[in-house]
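Q: Below are the sequence and a predicted model; questions follow.
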Amino acid sequence: MVKIIDINCDVGEGVGNDAELLPLVTSCNIACGGHTGDEASIRATIRLAKKHKVKIGAHPSYPDKENFGRKVVSIAAPELQQSLEEQLETFARIIEEEEAHWHHIKPHGALYNVVAKDDVLATVFLEAVTAYTSGRYMYAPPGSRIAQIAINSGCKIHFEAFADRNYNKDLSLVSRKFENAVITSPKAVLQHLRRMVLEEKVKTISGEVQPIQADTFCVHGDTATALEILMYLHEELPKYNIQPLK
């Protein structure tokens, strides 16, 4: 029996590899100008995603280009909500102009991790995106607060796991402060992903195996070996009866 999976990737982040990555994934998360990106990059990335028939998502974040959205920002809730609304308004306008289908929304970086645990900020995020959730999915960690609050409010969820990131025992991601946070070896990513897909389990950084269920699996576009990882997965996954969605 063939297992069909969705592989997503963060793109439109100025790394310069989008044209190479997008043919190898099935959905993408496009930076909306918070942590990086602008109207030109959003438009160009949407066009690339359309060309390769990749599902398109918005990737809003803390307004923090200096730290690429990967540090928690001390910002008042109303200011954060306004920034997120502005990011999504820009994305919505451009995707409509490009006549593309908007499939999902995924928070970026530090914001992704914070709303997974913090009810208040999860609610702020959902209030900011509520105008855009109808008919679309939210990508969120399984068991997270944002996922539960979103489900309770009627939002559709795709649970997400990370193919190129290590996990702690509580299924939080290992902080990027540590050298072992990111998995850069294509073979190690394959092993990590295979276990999550076929066994619905993940081996944590402490060596324990924990249950995990996901609908979509992320490879970060700015991981140094992202292209090598995706090319390797493209070749190897079919050998284990795992196929990308498209």
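A: Looks like it arrived, so ask away.
Q: who does the host helix or strand of residue 236 touch, helix- and strand-wise?
A: Per DSSP states H and E: residue 236 is located in helix 226-236. Helix 226-236 sits against strand 3-11, helix 18-21, helix 186-194, strand 216-219, with contacts defined as 3 or more Cβ pairs under 8 Å, 6 or more residues apart in numbering; DSSP states H and E. Using the backbone N, CA and C atoms, a C-beta is placed for each residue, glycine as well.
Q: Now do the first one against helix 226-236, angle only.
A: Compare the direction of strand 3-11 with that of helix 226-236 by axes from the mean of the first three to the mean of the last three Cα atoms, to 10 degrees and you get 170 degrees.
Q: Strand partners (parallel or antiparallel) of strand 3-11?
A: Sheet pairing here is set by DSSP bridges, and for strand 3-11 it gives strand 27-31 (parallel), strand 216-219 (parallel), strand 242-244 (parallel).
Q: Mind listing residues that contact the last one?
A: To tie it back to what came earlier, the one meant is strand 242-244. Strand 242-244 is contacted from outside by 2-7, 25-26, 194, 197-198, 234, 237, using Cβ atoms under 8 Å, 6 or more residues apart in numbering.
Q: Would you mark the buried spots in the least confident helix or strand in the chain by mean pLDDT?
A: Taking mean pLDDT, DSSP states H and E as the measure, the chain has strand 242-244 as its least confident helix or strand, at a mean of 89. Using 16 or more other Cβ atoms under 10 Å as the test for burial, strand 242-244 gives 242, 244.
Q: Report the distance from it to the chain centre.
A: Remark: strand 242-244 is offset 18 Å from the chain centroid, using Cα atoms, centre = their mean, to the nearest Å.
Q: Wait, residue 240 touches residue 193, no?
A: No - checked against Cβ atoms under 8 Å, the pair residue 240 and residue 193 is beyond contact range at 9.5 Å.
Q: okay, the two: which has more neighbours?
A: Neighbours per residue (other Cβ atoms under 10 Å) separate residue 240 from residue 193, with residue 193 holding more: 27 against 14.
Q: list the contacts for that one?
A: Applying Cβ under 8 Å, 6+ apart to residue 193 gives the contacts 163, 217, 233, 237.
Q: Show me how to select, in PyMOL, the buried members of those.
A: Here is the PyMOL command that selects only those of the contacts of residue 193 that count as buried (16+ other Cβ under 10 Å):
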select buried, resi 163+217+233+237
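Q: so which pair among the contacts of strand 242-244 is furthest apart in space?
A: For those, the maximum inter-member distance is 19.8 Å, found between 25 and 198 (Cβ to Cβ).
Q: Which residue of those two possesses the greater neighbour count?
A: The neighbour count for residue 25 versus residue 198, taken as other Cβ under 10 Å, is higher for residue 25 (28 against 12).
Q: pLDDT value on the more buried one, please?
A: Looking at residue 25, its pLDDT stands at 97.
Q: Surely it and residue 54 touch.
A: Yes - with contacts counted by Cβ under 8 Å, residue 25 reaches residue 54, the gap being 6.1 Å.
Q: Which of the three states applies to residue 177?
A: coil (DSSP: H, G, I helix; E, B strand; the rest coil).
Q: Please report how far it lies from residue 110.
A: 12 Å (Cβ to Cβ, to the nearest Å).
Q: try residue 138
A: The gap separating residue 138 from residue 110 is 17 Å, by Cβ to Cβ.
Q: These two: which has the busier surroundings?
A: Using other Cβ under 10 Å, the more surrounded residue of residue 138 and residue 110 is residue 138, with 23 against 20.
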